[in-house]
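A.B. asks: Provided below for reference: sequence and predicted model.
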Amino acid sequence: MGTWSLGSGSDRGHDGAVADDTDPSTPDEPGLRRTTLPDGRVLVIRRATAADVDRMIDFYRSLPLEDRYFRFFTGGLPPRAHFERTVDVATHGGVALVVEVIAGNDVQLVGDACYVPQADGDGELAVTIDPNWRGWLGPYLLDTLLEAAAANGVTTLRAEILVHNRPMLALVRSRGCATIGDDDLSKVRVALGTSTRTPSWPARDARRRILVEAANPRWRNGITKIEPTVSVMVCAGPPSGYRERCPVLAGRPCPLAADADAIVVARSLDEQLGRDLIEAHLQSNPRVPLLVETGVSAADGGPPPDGTHPLSRALSDDEALAAILSAIGESSRDAEPEAV
Ligand SMILES: CC(C)(COP(=O)(O)OP(=O)(O)OC[C@H]1O[C@@H](n2cnc3c(N)ncnc32)[C@H](O)[C@@H]1OP(=O)(O)O)[C@@H](O)C(=O)NCCC(=O)NCCS
């Protein structure tokens with residue numbers, strides 16, 4: 001690495017300066033870093049070990065209560081066993097990283113991040129940065145964690161984020177994520193791709209997969225409660241001006257769309273984006289039933305485009321779910337080989 005590369009694309013340093021020197025001993029292992037900061041201190045991201053437990057406890061004890069609440073969903077400090085399990089997560093296929101700043105003999109722990117492997121093949125992530133080091137280190141550390149997960153063959157990391165945790169929500173949204181359908185209004189559950197801006201469906205999850213293209217991340221979020229055998233991911237689409245970040249619009253395969261059992265476009269057809277998404281899905285994913293929500297705006301009164309199923313916004317959640325499952329059923333019947 002010749003320059004100090006921040007994975008998120010940010011070029012801010014701790015004090016606003018851009019570092020121009022990288023320690024030549026930068027570790028090669030994915031997710032690990034060793035970098036000289038502009039003021040001469042050395043920033044290290046390395047795997048956590050059992051020797052870090054006490055310092056992690058001190059670190060979390062020193063944080064404002066709100067930060068602990070955001071990280072652990074309780075203002076209190078978790079028991080020591082929690083930190084012992086965290087540093088040991090690598091033995092279960094996960095990764096735990098700590099960030100240190102070294103100045104001579106003084107070594108300060110300024111952040112940590114980890115992911116814990118889940119039964120369905122995804123990982124559950126968490127990250128915390130010392131308040132004095134926020135402003136760039138969060139995205140930098142998140143990217144190193146994603147890199148380490150990708151190297152372990154994990155394609156998607158999930159995070160459960162309290163709705164008031166605006167910095168973390170901004171962080172995952174800037175990285176590109178989909179929202180997992182959930183009726184818990186106190187939290188947002190998101191999925192991030194580890195090596196692409198689009199996550200994938202969990203490898204070991206037999207539920208039927210519904211991808212929803214909608215501006216509202218809580219689109220019909222009661223559906224998964226009604227029918228637990230259904231899994232919903234909501235994609236908000238690319239930020240305006242960044243259409244190429246949406247693989248479907250850019251003509252590239254989208255793992256969420258290609259592996260879905262049904263796709264719902266719940267965007268106003270008055271907008272170019274809504275019309276383009278329909279067109280792109282019909283072209284790229286012709287075998288996946290495509291439902292188009294009607295009545296999203298006053299002008300959406302016309303028939304749905306050819307090759308799509310209408311899904312009226314006026315339907316109850318039960319009725320909408322039945323319509324989606326019926327479209328899935330029709331398409332699987334269509335796909336059945338003819339009897340000979
Ligand atoms: C979440 C956390 C790791 C982010 O790290 P960070 O170094 O602060 O990251 P940033 O400073 O780049 O902030 C992330 C984004 O939040 C935005 N942000 C920061 N403070 C904000 C606030 N009070 N309200 C809204 N957005 C805010 C930033 O502008 C940035 O968005 P941008 O990329 O669009 O500019 C850090 O805030 C933290 O440790 N929080 C406490 C623990 C926690 O919540 N962990 C997550 C549990 S899942």
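C.D. replies: Happy to help now that I have it. What you see is a predicted model, and the numbers here were worked out from it, not measured in a lab.

A.B. asks: before we move on, which element is the residue of the chain found nearest the ligand in?
C.D. replies: Proximity of the chain to the ligand (Cβ to the nearest ligand atom) peaks at residue 138, 2.0 Å away. Backbone N, C-alpha and C define where each C-beta goes, glycine included. Per DSSP states H and E, residue 138 falls inside helix 137-151.

A.B. asks: which parts of the top helix by length along the chain are buried?
C.D. replies: For the chain, the longest helix by residue count, based on DSSP state H, is helix 317-335. Residues of helix 317-335 classed as buried under the neighbour-count rule (16 or more other Cβ atoms under 10 Å) are 317, 320, 321, 323, 324, 325, 327, 328, 331.

A.B. asks: on that earlier part again, same for the helix holding residue 138, what does it pack against?
C.D. replies: Helix 137-151 is packed against strand 95-103, strand 106-117, strand 123-129, strand 156-162, helix 166-175, with contacts defined by 3 or more Cβ pairs under 8 Å, 6 or more residues apart in numbering; DSSP states H and E.

A.B. asks: tell me if the last one is near the ligand.
C.D. replies: Yes: using Cβ under 6 Å from any ligand atom, we find that helix 166-175 touches the ligand at 166, 167, 168, 170, 171, 174.

A.B. asks: what's across from residue 123 in the sheet?
C.D. replies: Beta bridges link residue 123 to residue 117, residue 157, judged by DSSP bridges.

A.B. asks: per-residue pLDDT, the spatially most central residue of the chain?
C.D. replies: Ranked by distance to the mean C-alpha position of the chain (Cα atoms, centre = their mean), the top residue is residue 192 at 2.4 Å. On pLDDT, residue 192 comes in at 98.

A.B. asks: and if you look at residue 269?
C.D. replies: For residue 269, pLDDT reads 82.

A.B. asks: can you check residue 19 too?
C.D. replies: On pLDDT, residue 19 comes in at 43.

A.B. asks: same question for the one 4 residues further on.
C.D. replies: What the model reports for residue 23 is a pLDDT of 49.

A.B. asks: with residue 36 instead?
C.D. replies: Model confidence at residue 36 (pLDDT) stands at 96.

A.B. asks: what does the one 5 residues further on give?
C.D. replies: The score at residue 41 is 97. That number is its pLDDT.

A.B. asks: again, but for residue 331
C.D. replies: pLDDT, residue 331: 78.

A.B. asks: ok, residue 3 next?
C.D. replies: We note a pLDDT of 23 for residue 3 in this prediction.

A.B. asks: report the mean per-residue pLDDT for stretch 113-130.
C.D. replies: What stretch 113-130 shows for mean pLDDT is 98.

A.B. asks: could you work out the end-to-end span of that stretch for me?
C.D. replies: One end of stretch 113-130 sits 12 Å from the other (Cα to Cα, to the nearest Å).

A.B. asks: which positions within that stretch qualify as buried?
C.D. replies: 113-118, 121-123, 125-130.

A.B. asks: which element is residue 184 on?
C.D. replies: Per DSSP H and E, there is no helix or strand for residue 184.

A.B. asks: give me the neighbour count for it.
C.D. replies: 11 (other Cβ atoms under 10 Å).

A.B. asks: still on that earlier bit, now the helices and strands packed on helix 137-151 as CSV including distance to residue 295?
C.D. replies: As requested, the helices and strands packed on helix 137-151 are arranged in CSV below (distance: least, Cβ to Cβ, whole Å):
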stretch, distance to residue 295
strand 95-103, 46
strand 106-117, 40
strand 123-129, 37
strand 156-162, 31
helix 166-175, 27
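
A.B. asks: between these, which one is nearest to residue 265?
C.D. replies: helix 166-175 (20.3 Å; Cβ to Cβ).

A.B. asks: I'd like the next helix or strand past the closest one.
C.D. replies: Using DSSP H and E, the next helix or strand after helix 166-175 towards the C-terminus is strand 178-180.

A.B. asks: partner strands of that next one and their direction?
C.D. replies: So strand 178-180, judged by DSSP bridges, has these partners: strand 187-193 (antiparallel), strand 230-235 (antiparallel).

A.B. asks: can you redo those as a markdown table with distance to the ligand?
C.D. replies: Converted to a markdown table, the strands paired with strand 178-180 look like this (distance: least, Cβ to the nearest ligand atom, whole Å):
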| stretch | distance to the ligand |
| --- | --- |
| strand 187-193 | 9 |
| strand 230-235 | 18 |
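
A.B. asks: kindly reformat the ones you listed as a markdown table containing distance to residue 33.
C.D. replies: Shown next, in a markdown table, are the strands paired with strand 178-180 (distance: least, Cβ to Cβ, whole Å):
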| stretch | distance to residue 33 |
| --- | --- |
| strand 187-193 | 19 |
| strand 230-235 | 31 |
